[in-house]
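In: sequence and predicted model, in that order:
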Amino acid sequence: MVGSNMSASNVEHVDLEKFIAGVKSRNPGQPEFVQAVQEVSQDIFEYIKDKNQYHEYQILRRIAEPDRVVSFRVCWEDDNGNIRVQRGWRVQNNNSIGPYKGGIRFHPSVTESVLKFLAFEQTFKNSLTGLPMGGGKGGANFNPKGKSDHEVMRFCQSFMTELFRHVGADVDVPAGDIGVGAREIGYMFGQYKRITNKFEGVLTGKGLEYGGSLIRTEATGYGAVYFLNNMLGHLGQGLEGKTAVISGSGNVATHAAEKVTQMGGKVLTLSDSEGFIYDPSGLDQSKIDWIKTHKTVRRGRISEFVKAFPGAEFHAGKRPWSVACDVALPCATQNELNGEEAKMLVGNGCIAVSEGANMPTDLDGVHVFKSAGILYAPGKAANAGGVAVSGLEMSQNSARISWKEADLQKLLVDIMGDIHARCVEYGGTAGSKRIDYVRGANVAGFKKVADAMLAYGVV
Ligand code: NDP
Ligand code: 2IT
């Protein structure tokens, strides 16, 4: 490590306030990115206050400046023959510990700020998994809702026709995220293979027929529940008999609901962008399967659940945080849980929150959870199971083999256990059982990347 042998120098240390002011002024109009950097900075400044080399080498400043942001035009033709133009991006945040790695999001709300925040978070998350992956994220302001299969295919092909020059199995390995699932990954992989004439592990979340890994689909949601169970276990409790409120009804939410149910909990809610469903009798596997098919095959709305299951209620335009519960899993999108809603959860007796989504709780909400002292796992720790199994997919692709389901299931459980242990190590306080999981995840995620950066010198 370069820095460890350095003598104290005259280099001036920037303080936290100046640092944040700098981030704000360099990134105007990018509130999500600023929020994500703010969320880690206090913990990192505290951790490095007596570690000169991190200051001298400007490590956090450099992690908070993406290696590069690529933006490109994506033209496609809709079914009526209209030419449509979208903007696509790939943010390559940091590749100090491995190739850039992170999902692709297709949603009308995608901006450079959103992708920069996601790529920044991904850098810490991927480090926490213990696997050799750097941080990246990409996407486009394309709305797949209401589009035909052929429209989605043409869009994905056009997107990859630009993206292919920036990615590769040892360079940058994208995957799915909001609006990008098995269908979109298939279309993008097909186009990459066609353009480059290479069959390589350039994407993860692939179909099992062409290099995908077992349990990748389930991994994020399952992992978030394993993390929740680990937090409860640290206090001598478990999920059995606990009520859970979950938001979202996509890949992460439905698999989180499935695992909570399997572990003896009762899932009361799921949601989409139009409102939430509340089922007082709990969502069993057959109801969860109905939602999975309804959302991913029929591409329907969650409101239709109450027609199929009349015991449930649909609350239009509302989020589920007013429903009393023991544990909550926000699994939809960023800033979907604010300070007021966090107070409502805590006031109604919620003892643990595990974030399946990325940055779903806003800064006020985080403050409420932390000051209430409840178990609170930030997304970069709790939802790391998805990218962890992506990392295992990369290993299988490199070795040209496929591992068995039972082995992968065990690896996922072990990786989530290791992340929990790292959070305990860096987020604990001597003489107390209480763990600051936010600090633990931030510091543990930072340390590995930072030490690799010190080894490289100034690059
Ligand atoms: P999906 O596209 O499968 O599902 C997204 C869900 O969130 C849908 O129910 C959608 O509702 C809802 N949603 C999306 N945007 C909004 C919004 N602006 N307001 C309200 N609801 C919204 O995505 P995923 O399940 O894959 O991703 C969910 C979250 O988990 C994201 O934050 C993602 O970054 C994160 N994540 C995903 C991983 C993965 O492996 N897929 C890994 C780690 C984190 P609607 O159908 O109405 O759009
Ligand atoms: O936010 C995330 O971790 C993901 N969308 C998954 C990334 C991946 O490369 O599997």
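Out: That came through, no problem. Numbers count the residues shown, from 1 in each chain. Ligands and ions are numbered 1, 2, ... in the order given.

In: contacting residues around whichever residue of the stretch 101-250 of the chain sits closest to ligand 1?
Out: Proximity of the stretch 101-250 of the chain to ligand 1 (C-beta to the nearest ligand atom) peaks at G250, 1.8 Å away. All C-beta atoms are positioned from the backbone trio N, CA, C, and that covers glycine. Counting by C-beta atoms under 8 Å, 6 or more residues apart in numbering, G250 makes contact with I178, G181, K295, T296, C331, A332.

In: out of those residues, the closest to R400 would be?
Out: G181 (24.8 Å; C-beta to C-beta).

In: was I right about that closest one contacting T296?
Out: Yes: using C-beta atoms under 8 Å, G181 is in contact with T296, at 6.6 Å.

In: how about the residue in the stretch 51-200 of the chain that ligand 2 sits nearest to, secondary structure?
Out: With C-beta to the nearest ligand atom, the shortest gap between the stretch 51-200 of the chain and ligand 2 falls at G103, namely 2.9 Å. Here G103 is strand, with the state taken from DSSP: H, G, I helix; E, B strand; the rest coil.

In: what's the burial count for it?
Out: Per other C-beta atoms under 10 Å, the neighbour tally for G103 reads 28.

In: pretty sure it contacts K137?
Out: Yes: G103 is within contact range of K137, at 6.3 Å (criterion: C-beta under 8 Å).

In: what helices or strands is the helix or strand hosting V245 leaning on?
Out: Element membership of V245 [criterion: DSSP states H and E] is strand 243-246. For strand 243-246, the elements it packs on are helix 251-262, strand 266-272, strand 327-329, judged by 3 or more C-beta pairs under 8 Å, 6 or more residues apart in numbering; DSSP states H and E.

In: give the other helices and strands that the second one contacts.
Out: Looking back up the chat, that one is strand 266-272. Checking 3+ C-beta pairs under 8 Å, 6+ apart, strand 266-272 ends up next to strand 243-246, helix 251-262, strand 275-278.

In: would TSV of the ones you listed with mean pLDDT, mean neighbour count and distance to S127 be doable?
Out: Listed next are the helices and strands packed on strand 266-272 as TSV, based on pLDDT from 0 to 100; neighbours: other C-beta atoms under 10 Å; distance: least, C-beta to C-beta, whole Å:
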stretch	mean pLDDT	mean neighbour count	distance to S127
strand 243-246	98	26	27
helix 251-262	98	26	20
strand 275-278	98	22	34
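
In: from E200, how far out is the closest residue in space to N251 that isn't next to it in sequence?
Out: Once flanking residues are discounted, N251 sits nearest to G181: 6.2 Å by C-beta to C-beta, 6 or more residues apart in numbering. Distance, G181 to E200, by C-beta to C-beta, to the nearest Å: 21 Å.

In: give me the number of residues near whatever residue of the stretch 301-450 of the chain ends up closest to ligand 2?
Out: Nearest residue of the stretch 301-450 of the chain to ligand 2: S390, at 3.3 Å (C-beta to the nearest ligand atom). S390: 28 surrounding residues under other C-beta under 10 Å.

In: what number of residues lie near the nearest residue in space to it that is not next to it in sequence?
Out: Excluding the flanking residues, the one nearest S390 by C-beta to C-beta, 6+ apart is T204, at 3.8 Å. A count of nearby residues for T204, using other C-beta under 10 Å, gives 27.

In: and what about T204, helix, strand or coil?
Out: Once three-state DSSP is applied, T204 turns out coil.

In: what about the closest residue to G168 other than its chain neighbours, neighbour count?
Out: Closest residue in space to G168, ignoring its immediate chain neighbours: V202 at 5.9 Å, by C-beta to C-beta, 6+ apart. Per other C-beta under 10 Å, the neighbour tally for V202 reads 26.

In: ok, R400 next?
Out: 8.

In: what does the stretch 251-400 of the chain put close to ligand 1?
Out: Neighbours of ligand 1 within the stretch 251-400 of the chain, by C-beta under 6 Å from any ligand atom: 251-253, 272-274, 331-333, 336, 356-358, 383, 386.

In: need the contacts of G250 in TSV (columns: pLDDT and neighbour count).
Out: Output for those, formatted as TSV (pLDDT from 0 to 100; neighbours: other C-beta atoms under 10 Å):
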residue	pLDDT	neighbour count
I178	98	25
G181	97	18
K295	92	23
T296	88	16
C331	98	31
A332	98	24
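
In: ok, so of these, who is nearest V306?
Out: Nearest to V306 among the contacts of G250, with distances taken as C-beta to C-beta, is K295, at 14.7 Å.

In: who touches that closest one in this structure?
Out: S249, G250, T254, D272, I302.
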